[in-house]
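Enquirer: Give me a model of this one.
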Amino acid sequence: MLGKLKSRGVTIDQMLPAALAIIAGSTAMCADYDWGPVLQIAFPSSKFKPGVRPPLPDKLTEAQRAVLEALVANELLWDPRNGNASLARMKVGLTDNRDGIQNAVKNENDYENIDGIADFQMAMVQFIIDSRRFEIEWFKRFKEGNP
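Expert: Down below sits the predicted model:
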């Protein structure tokens with residue numbers, strides 16, 4: 001049904017109450033048939049190429065904001081093991097970072113660092129440095145016969 005609505009050019013504004021109900025009542029397992037097509041209707045300008053997340057719009061409409069709020073509110077849509085759910089989000093430019101999407105919706109479309117990639121990378125670098133220091137110290141003590 002959603003595919004037919006999409007092919008007929010129905011906008012998210014025209015179907016917002018139904019779209020929000022679909023998202024609220026769905027699970028990650030229904031990404032291909034329920035809420036994934038709703039996201040595609042909500043973000044029609046997204047041009048998806050496999051493996052490449054399209055950019056999000058510069059400014060969200062009120063309907064897009066409502067869709068994202070409903071998406072974030074439904075915990076069942078965020079199973080990290082569900083690749084179809086992740087793909088449904090990727091197709092319209094969304095990440096798998098639920099908190100980042102929620103913050104972006106609240107902060108006037110501030111999508112910068114929505115993935116937290118810079119923070120994650122810095123944490124990983126620090127972890128590697130700390131691990132290497134521990135390894136060096138342990139090896140020194142081992143050579144001295146005092147592990």
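
Enquirer: Show me where the chain has its helices.
Expert: Assigned by DSSP state H, the helices in the chain fall at 2-7, 16-24, 35-42, 62-73, 83-91, 98-106, 117-143.

Enquirer: Make JSON lines from those and add distance to Pro54 to it.
Expert: All C-beta spots, glycine's among them, are computed from the backbone N, C-alpha and C. Formatted as JSON lines, the helices of the chain follow (distance: least, C-beta to C-beta, whole Å):
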{"stretch": "helix 2-7", "distance to Pro54": "17"}
{"stretch": "helix 16-24", "distance to Pro54": "20"}
{"stretch": "helix 35-42", "distance to Pro54": "11"}
{"stretch": "helix 62-73", "distance to Pro54": "14"}
{"stretch": "helix 83-91", "distance to Pro54": "8"}
{"stretch": "helix 98-106", "distance to Pro54": "15"}
{"stretch": "helix 117-143", "distance to Pro54": "17"}
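
Enquirer: As a markdown table, these with mean neighbour count and mean pLDDT would be great.
Expert: What follows is those, written out as a markdown table (neighbours: other C-beta atoms under 10 Å; pLDDT from 0 to 100):
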| stretch | mean neighbour count | mean pLDDT |
| --- | --- | --- |
| helix 2-7 | 13 | 66 |
| helix 16-24 | 18 | 91 |
| helix 35-42 | 24 | 93 |
| helix 62-73 | 19 | 93 |
| helix 83-91 | 19 | 92 |
| helix 98-106 | 17 | 83 |
| helix 117-143 | 10 | 65 |
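
Enquirer: how about the ones you listed, which one is nearest Gly51?
Expert: Between Gly51 and the helices of the chain, the shortest separation by C-beta to C-beta is 8.6 Å, and it involves helix 83-91.

Enquirer: what distance separates that closest one from the centre of its chain?
Expert: Remark: helix 83-91 is offset 8 Å from the chain centroid, using C-alpha atoms, centre = their mean, to the nearest Å.
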